[in-house]
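Chemist: Requesting a structural model of the entry that follows:
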Amino acid sequence: MTDHIPVPYAGPARVLSGVQPSGALHLGNYLGALVKFARLQHEIDTFIFVADLHAITVWQEPAALAQQTREIAAAYLAAGLDPAKATIFPQSAVPEHAELAWIFQCVARLGWLDRMTQFKEKSGKHKERSSVGLYTYPVLQAADILIYKATHVPVGEDQKQHLELTRDIAAKFNHDFAAPAFFPQPEPLIQGPGARIMSLRDGLAKMSKSDPSDYSRINLTDDADAIATKVKKARTDPEPLPETLEELATRPEADNLVGIFAALDGRTKAEVLAEYAGKGFGTFKPALADLAVEKLAPVGMRMRALLADPAEIDRILAKGAERARDVAAPTVAEVRKLVGFWGA
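Modeler: Numbers count the residues shown, from 1 in each chain. Predicted coordinates:
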């Protein structure tokens, strides 16, 4: 039988990703996402958004939300994203995201969402008090991706499950509405070096903007002095750096700092160890501090300059939203027709 053979998607290759405007961005965001976005824009049609619809699944101060959106956009630009190459926009400025998300909520199955581990982690013991949006946001995430018919999505370990949900929704929609290959099956883009940067205070905890200690992270807006101080105060162990990756893997703080050095310098951890094996942190930390200042201080300066001109950021976001809608609106128009809505 041939009717069950999936029809391959024939549309253009496209990548999509986004970051929530819910706090200051840090080194982990920069190495894990922003520098990769900047590289991808030269290789593939790139859509990068500020995920403000996702941000409000938990309470956001309304007076601060628009400014936080500008800060994320400034970070994108400071990290090297070019609005002439990449489409940079606020999610909420493209209302088609929410419309497609509702249609997908009627396609997705409750059992699929019940399996999502992120909701369990984020809601903790008080899931009944969590917003419905926190439970269903993976469906909105599917809409974010599929509205642009994105073929590739950069994902960390914690988002792989959501991409699988997106693929399930795409397949079920295509099947239910007899539209083979209407939506693609998006593929994960493996993040590579720098994908998982850990806290400077705890090598077993991911670097996070919600950590109460500012010394746990390097913020993108930190100046050169703050960057150097945080590196020098980073938690370590008393032993010199080892010769092998196997030994390094048993020492989380050392492993994290070597990983940060490697990602900032475009090298592998093995190459960094080849240079610093047998040397103590009294030698390694100053070298890492100098490298971090060299790579990150200009990003912070550019961010601060951009944020001093909010009208220019708003202009870039408005233009990006217009371009995003040019792609999103025809997709939703086709979906409305397939679903059978009046007037479609």
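
Chemist: Mind checking what secondary structure residue 300 has?
Modeler: Secondary structure, DSSP: H, G, I helix; E, B strand; the rest coil: residue 300 is helix.

Chemist: OK, contacts around the closest residue to it other than its chain neighbours?
Modeler: Closest residue in space to residue 300, ignoring its immediate chain neighbours: residue 221 at 5.3 Å, by C-beta to C-beta, 6 or more residues apart in numbering. All C-beta spots, glycine's among them, are computed from the backbone N, C-alpha and C. Residue 221 is in contact with 24, 300, 303-304, counting by C-beta atoms under 8 Å, 6 or more residues apart in numbering.

Chemist: isn't residue 297 right next to residue 224, touching?
Modeler: Yes: under the criterion of C-beta atoms under 8 Å, residue 297 makes contact with residue 224 at 4.4 Å.

Chemist: Following the one helix or strand residue 258 maps to in sequence, what is the next regular element?
Modeler: Taking DSSP states H and E as the definition, one finds residue 258 inside helix 252-265. Counting by DSSP H and E, the element after helix 252-265 in chain order, helix or strand, is helix 269-276.

Chemist: Which strands or helices does that next one pack on?
Modeler: helix 245-249, helix 252-265, helix 281-307 (3 or more C-beta pairs under 8 Å, 6 or more residues apart in numbering; DSSP states H and E).

Chemist: could I get those helices as CSV with distance to residue 201 and mean pLDDT?
Modeler: Below are the helices and strands packed on helix 269-276 laid out as CSV (distance: least, C-beta to C-beta, whole Å; pLDDT from 0 to 100):
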stretch, distance to residue 201, mean pLDDT
helix 245-249, 19, 94
helix 252-265, 9, 95
helix 281-307, 14, 95
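
Chemist: what number of residues lie near residue 327?
Modeler: The tally of other residues near residue 327 (other C-beta atoms under 10 Å) stands at 17.

Chemist: ok, so what distance separates the nearest residue to residue 255 once chain neighbours are set aside from residue 257?
Modeler: In space, residue 255 comes closest to residue 248 once its chain neighbours are excluded; the distance is 5.0 Å by C-beta to C-beta, 6+ apart. Look at residue 248 and residue 257: by C-beta to C-beta, to the nearest Å, they are 10 Å apart.

Chemist: And those two? Which one has more around it.
Modeler: Using other C-beta under 10 Å as the criterion, residue 248 and residue 257 rank with residue 257 on top: 25 against 21.

Chemist: elements contacting the host helix or strand of residue 316?
Modeler: Using DSSP H and E, residue 316 sits in helix 310-339. Under the contact criterion of 3+ C-beta pairs under 8 Å, 6+ apart, helix 310-339 touches strand 45-50, helix 62-78, strand 87-90, helix 96-105, helix 281-307.

Chemist: In CSV: the ones you listed, plus mean neighbour count and distance to residue 153.
Modeler: Below are those laid out as CSV (neighbours: other C-beta atoms under 10 Å; distance: least, C-beta to C-beta, whole Å):
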stretch, mean neighbour count, distance to residue 153
strand 45-50, 25, 10
helix 62-78, 20, 17
strand 87-90, 26, 15
helix 96-105, 19, 15
helix 281-307, 17, 24
